[in-house]
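# Task: produce atomic coordinates for the following.
(one chain, ligands or ions: 1)
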Amino acid sequence: MTMSNKTVTVFGGSGFVGSQIIRELAAKGFMIKVATRVPERAYDLKPCGNVGQIIPIACNYNNDESIESALRDSDYVVNCIGILFERGKSSTFKKIHVDIPQKIAQACAENGVDRFVHISALGCDTGTSKYAKTKLAGEDAIKNAFPAATILRPSVIFGPKDNFFNMFASLSLYMPFLPLIGGGKTKFQPVFVGNVADAVLYALQEKKGESKGKTYHLGGPDIVDFKEIYQKLFKYTGRTKPLVNLPFAFAKFEALFLSMLPKPLLTSDQVESLKTDVIISQGALTFENMGIHPKSMDLILPLYLKMYRSGGRFSQKTA
Ligand SMILES: NC(=O)c1ccc[n+]([C@@H]2O[C@H](COP(=O)([O-])OP(=O)(O)OC[C@H]3O[C@@H](n4cnc5c(N)ncnc54)[C@H](OP(=O)(O)O)[C@@H]3O)[C@@H](O)[C@H]2O)c1
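This is a model prediction of the structure:
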């Protein structure tokens, strides 16, 4: 592998999306600093690069100097931090989706960072959930501090370690039924994690700087509702479960209890986010403008959902 002379800091690089971005950056020879609250979480990424190519560094987001030192001397910065539910005062949507990204963008501007890519979320401009509203406010805060930032808005992301298909596949193992919240009519455009990483690499590497200051909507080739998502799950796990309609109000009531779990299965805010479609808007910049052909669910899901197959991963059973 030819090593690049460029250094990239990836905030939240220990997560599902961040890890994939780091694997692709490493394959291209970039020097990578993984900014994380807990460096041990990023140790398993080190073998993805040469010795010393991937360096986990501790970042204390309550300390501006810590954020700045994580990106000092970096050419490029990628922000992947985000949460699905709030936890106490240290982990609120406003802090994680607005305040910290704003500080990172400010530090990028003050330290001569050339390109800054931020992972936002598709539907943040139309959504009524706190998640969506803070994601949109975060984009605005970033654009104020670093107008050349490239913003990527993915729909729900799938891939071997995703939190979406894996969660529903796990639920299908022991739940007597699966819920169709609000009738399951919300539309999604699931996107492969590898393609989200491709988009980040495009924004960092394209020669003309055309992606600077632009927002891209990232969705895969298929638009599906929740029922169709379950059908794919059943097809590739060989398991079926009855689908039960759960009106929004009832789902919110249920979420009161499920959100008390250490890792909440469902929160009231997630129910709220299911009220709006998460699909690419007309006229938006997309993968097409980056020359990327997004992979379909049917190509990727069988590769990792087979571990949930009834009768074991080598079973030939189909739903
Ligand atoms: N997954 C999806 O389907 C999806 C869809 C649309 C948009 N997105 C967005 O894509 C980004 C990456 O998502 P992901 O699925 O990779 O999430 P993830 O696996 O949960 O990783 C998120 C990262 O955020 C950091 N983080 C979490 N809580 C934090 C806190 N209280 N303070 C500081 N940092 C914190 C963590 O970094 P450390 O623990 O290393 O510090 C973690 O690695 C997020 O912005 C998310 O909103 C994801």
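# Give me the contact list for the longest helix seen in the chain.
Ranked by number of residues, the top helix in the chain under DSSP state H is helix 130-145. Among residues not part of helix 130-145, those counted as contacts by Cβ atoms under 8 Å, 6 or more residues apart in numbering are 82, 84, 86, 93-94, 96-99, 101-102, 104-106, 108-109, 116, 118, 120-121, 123-127, 149, 151, 213, 215, 269-270, 272-273, 276. (Glycine included, C-beta is placed from N, CA and C.)
# Tell me which helix or strand comes right after it.
strand 150-154 (DSSP states H and E).
# where does A148 fall, phi/psi-wise?
When quoted as degrees, to the nearest 10, the phi and psi of A148 stand at phi -80, psi 0.
# wait, isn't it in contact with H118?
No - here A148 does not reach H118: they are 11.3 Å apart, not a contact under Cβ atoms under 8 Å.
# quick one: which of those two has more around it?
Neighbours per residue (other Cβ atoms under 10 Å) separate A148 from H118, with H118 holding more: 28 against 17.
# doesn't T150 make contact with the more buried one?
Yes - checked against Cβ under 8 Å, the pair H118 and T150 is within contact range at 7.3 Å.
# can you give me the strands in the stretch 201-319 of the chain?
Assigned by DSSP state E, counting those that start in this stretch, the strands in the stretch 201-319 of the chain fall at 215-218, 224-225, 243-246.
# check contacts around E206.
Under the criterion of Cβ under 8 Å, 6+ apart, the contact partners of E206 comprise M290.
# Give me the neighbour count for D222.
Counted with other Cβ under 10 Å, residues neighbouring D222 total 16.
# Please report phi then psi for it.
phi -110, psi 140.
# Surely it and I300 touch.
No - contact between D222 and I300 fails when scored by Cβ under 8 Å: they sit 11.4 Å apart.
# intersection of neighbour lists for those two?
Contacts common to D222 and I300, judged by Cβ under 8 Å, 6+ apart, are absent.
# confidence score at whichever residue of the stretch 51-200 of the chain sits closest to the ligand?
Per Cβ to the nearest ligand atom, the residue of the stretch 51-200 of the chain with the smallest distance to the ligand is G82, at 2.3 Å. According to the per-residue confidence, G82 scores 98 in pLDDT.
# I figured it was touching H97, is that so?
Yes - the pair G82 and H97 qualifies as a contact (Cβ under 8 Å) at a distance of 6.5 Å.
# neighbour-wise, which of these two wins?
H97 (27 against 21).
# wait, is that one part of a strand?
No - residue assignment for H97, taken from DSSP: H, G, I helix; E, B strand; the rest coil, gives helix, which places it outside any strand.
# Number the residues from 227 up from this point.
New numbering, starting at 227: the last item is H323.
# residues in contact with it?
Applying Cβ under 8 Å, 6+ apart, one finds that H323 lies in contact with G308, I309, Y357, T360, K361, A363, G364.
# got a list of what the first one touches?
Spelled out, it's G308. For G308, the contacting residues are G238, G241, I322, H323, I345, A347, K361, by Cβ under 8 Å, 6+ apart.
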